[in-house]
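Q: 3D model of this:
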Amino acid sequence: MSVKINVKKAERKVLEEGAYALRINKVEQRTSKQGNPMLYLELVPDDEYHPEDTNARIFENVSLVEDAWFRVVDYLKAIMTDVPADDEGDFEFEPEDWAGAVIGANLGIDSYQGIPRNRVLQVFPVDGLEDMEYEGDEDLGGEED
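A: Residues are numbered from 1 along each chain as shown. Here you go, the predicted model:
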């Protein structure tokens, strides 16, 4: 089989560091190489806020081991408004329900095997995006004037 590929167009887009509205495109429960349960997330810039960046993909593994539940709670608070504030009770959720949710996130840039990629540094409710310093376009999207 012969396939003509435009290598420049096939490279993964890396977003500038800053605050973004991201849609959770995919959620899968997986097992890490160490045998621990985790959630695999594929995040994409939400087209309402960032129509020019919708072909970018950010991949995130969220550990489900007890010592790392803080990260799960961060995502829950970014997605839902009714997460209990105390740490004494159980909280049940279905990770599949996260698909389609839009959250705010601060992104950084690192590299994996020499290839630059985005890394999620912090997540928060998308309505907090206006309060974050955004290093991209000054217009965060949404409705036009």
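Q: just the residues contacting whichever helix in the chain runs longest, thanks.
A: Ranked by number of residues, the top helix in the chain under DSSP state H is helix 69-79. Contact with helix 69-79 is made by 24, 39, 62-64, 83, 91, 93, 98, 101, 103-105, 122-126, as judged by Cβ atoms under 8 Å, 6 or more residues apart in numbering. Quick note: C-beta positions are derived from backbone N, CA and C, even for glycine.
Q: could I have the buried ones of those as ChimeraX selection syntax?
A: To isolate the buried members of those in ChimeraX, using 16 or more other Cβ atoms under 10 Å:
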select :24,39,62,63,64,98,101,103,104,105,123,124,126
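Q: what's the neighbour count on residue 50?
A: 21 (other Cβ atoms under 10 Å).
Q: before we move on, the earlier item: pLDDT averaged over the longest helix of the chain - what is it?
A: Average pLDDT, helix 69-79: 92.
Q: swap in stretch 96-114?
A: Mean per-residue pLDDT for stretch 96-114: 94.
Q: on the three-state scheme, the residue nearest to the spatial centre of the chain is what?
A: The centroid of the chain falls nearest to residue 43 when counting by Cα atoms, centre = their mean (4.3 Å). What DSSP: H, G, I helix; E, B strand; the rest coil gives for residue 43 is strand.
Q: any idea what it is bridged to?
A: Beta-bridge partners recorded for residue 43 (DSSP bridges): residue 24, residue 58.
Q: I'd like the distance from the helix or strand harbouring residue 119 to the chain centre, please.
A: Here residue 119, judged by DSSP states H and E, is contained in strand 115-125. Put simply, strand 115-125 sits 6 Å off its chain's centre (Cα atoms, centre = their mean, to the nearest Å).
Q: for stretch 52-68, same thing?
A: 5 Å.
Q: using CSV, write out every CA atom in it.
A: Output of stretch 52-68 as CSV, limited to C-alpha atoms (Å, rounded to 0.1, in the frame of the first residue of the first chain):
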residue,chain,number,x,y,z
GLU,A,52,-8.7,27.5,16.1
ASP,A,53,-7.3,24.8,18.3
THR,A,54,-9.8,22.0,18.0
ASN,A,55,-7.3,19.6,16.3
ALA,A,56,-5.0,19.6,19.4
ARG,A,57,-5.2,16.6,21.8
ILE,A,58,-4.0,16.4,25.4
PHE,A,59,-3.7,13.0,27.0
GLU,A,60,-3.9,12.5,30.8
ASN,A,61,-3.7,9.5,33.0
VAL,A,62,-5.4,9.9,36.4
SER,A,63,-4.4,7.4,39.0
LEU,A,64,-7.2,5.8,41.0
VAL,A,65,-5.0,4.6,43.9
GLU,A,66,-5.9,6.1,47.3
ASP,A,67,-2.7,8.2,47.6
ALA,A,68,-3.6,10.0,44.3
